[in-house]
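Enquirer: structure here, sequence nowhere to be found:
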């Protein structure tokens, strides 16, 4: 079989045969990282272009004004630091007055029990000496009874001079006042940035309480038997002059500004009248009564034990001497128990404190109403609420009291209700 020859065209022989191998594309494993383009414009120009601003502001034109610091200024920081120092001192005073108050309350109990035991023992010895005895036994009983009565008289003179129950009440009041100042300082720092005036006001309050309730017994001790009953004063004496402005700005009739209105001012004035005519007068009357009673008892106690001491020295010379010694000693013990056991001095100090509370309330209302610029006053609604709380009344009850006071004044009668329902 003849072989066949495969002939290729001549043209194909002259061409190069190129083999192309098609390799499939591998999946991208390495993430594509783009190299940021170096900006040709300045940062501010780039920002302007992105935001679509047509006008480019050169970076040299940018204002370099300092940014205002939101932190308190140096004066506020100094005032805050001073308030913290005062707060520490006030906390120390609270603890100190509380401890001394407990100590002086113990004084009253221990001295009262001691004086009564001594007086009753002396009366017993005087009675035993009168029943029988002669020679040395009689002399021993008489001498012992006289010495005991004399000791009781001396202790009574000291007790009646310092009035331990009244001292304890003073320290309790001081503790309460310093706790109030402590709370006011914390509230002041929590509400806003304190100022130098705030520091000065707090300092004056602290010193006023120190003066009103002194700790020493010698020299600085308050007079326990003053010639006249006077309320306690534990606030700065210049409080009435603070924020006092006679200008007539800010007074708007028929409108409420800063929580104040004409009706509320009239209401506050009526409350002052009730406080002056009822509460203050009543506590002054009671205070003077307790003061006179305490003076009589303070004189009667040592006088009776002194008479008993003289009578016991002459027991045996007659029946009347024994009667005087025993009876005067028993009466002296009863008077001492009533005066110091009943804590008449504490009651007197309580009345002084209550009268001072009403006087402070009166002065604060008057000082607020004297400020004619309503914007400088305390918010009226808040002030009314505070007055109502101090008197133990609701807002509606307080307004009803003001209306009753106004109607009684118009009728010329006396109101039959006290302003305070607390005490």
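Expert: Okay, I see it. Since the structure is predicted, the reported quantities are computational estimates derived from the model, not experimental observations.
Enquirer: for residue 121, see how far away residue 360 is.
Expert: In this structure, residue 360 lies at 48 Å from residue 121, with CB to CB, to the nearest Å as the measure. No exception for glycine: its C-beta is placed from N, CA and C like everyone else's.
Enquirer: and what of residue 226?
Expert: Remark: distance between residue 226 and residue 121 (CB to CB) = 35 Å.
Enquirer: what does residue 390 give?
Expert: As judged by CB to CB, residue 390 and residue 121 stand 50 Å apart.
Enquirer: so which bits of stretch 221-241 are buried?
Expert: 222, 224, 229, 231-232, 234-236, 239 (16 or more other CB atoms under 10 Å).
Enquirer: which among those gets closest to residue 176?
Expert: Proximity of these to residue 176 was ranked by CB to CB; the top entry is residue 234 with 9.8 Å.
Enquirer: can you pull the contacts of the closest one?
Expert: Contact analysis of residue 234 by CB atoms under 8 Å, 6 or more residues apart in numbering lists 173, 177, 208-209, 212-213, 356.
Enquirer: once you drop chain neighbours, what's closest to it?
Expert: Once flanking residues are discounted, residue 234 sits nearest to residue 212: 3.9 Å by CB to CB, 6 or more residues apart in numbering.
Enquirer: select the longest helix from this structure.
Expert: Using DSSP state H to define each element, the chain has its longest helix at helix 74-131.
Enquirer: gap between it and the chain center?
Expert: Here helix 74-131 is found 20 Å from its chain centre; the criterion is CA atoms, centre = their mean, to the nearest Å.
Enquirer: which other helices and strands contact it?
Expert: helix 136-162, helix 164-191, helix 196-212, helix 281-313, helix 319-336 (3 or more CB pairs under 8 Å, 6 or more residues apart in numbering; DSSP states H and E).
Enquirer: TSV for those helices, including mean neighbour count and mean pLDDT?
Expert: TSV is the format used below for the helices and strands packed on helix 74-131 (neighbours: other CB atoms under 10 Å; pLDDT from 0 to 100):
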stretch	mean neighbour count	mean pLDDT
helix 136-162	19	91
helix 164-191	19	94
helix 196-212	17	92
helix 281-313	19	94
helix 319-336	21	89
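Enquirer: make TSV out of these and add distance to residue 406.
Expert: Compiled in TSV, those are given as follows (distance: least, CB to CB, whole Å):
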stretch	distance to residue 406
helix 136-162	47
helix 164-191	32
helix 196-212	34
helix 281-313	19
helix 319-336	48
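Enquirer: tell me which of those sits nearest to residue 419.
Expert: Taking CB to CB as the measure, these were each checked against residue 419, and helix 281-313 came out nearest at 10.3 Å.
Enquirer: and the closest one, what does it pack onto?
Expert: Other elements packing on helix 281-313 under the criterion 3+ CB pairs under 8 Å, 6+ apart are helix 74-131, helix 136-162, helix 319-336, helix 344-370.
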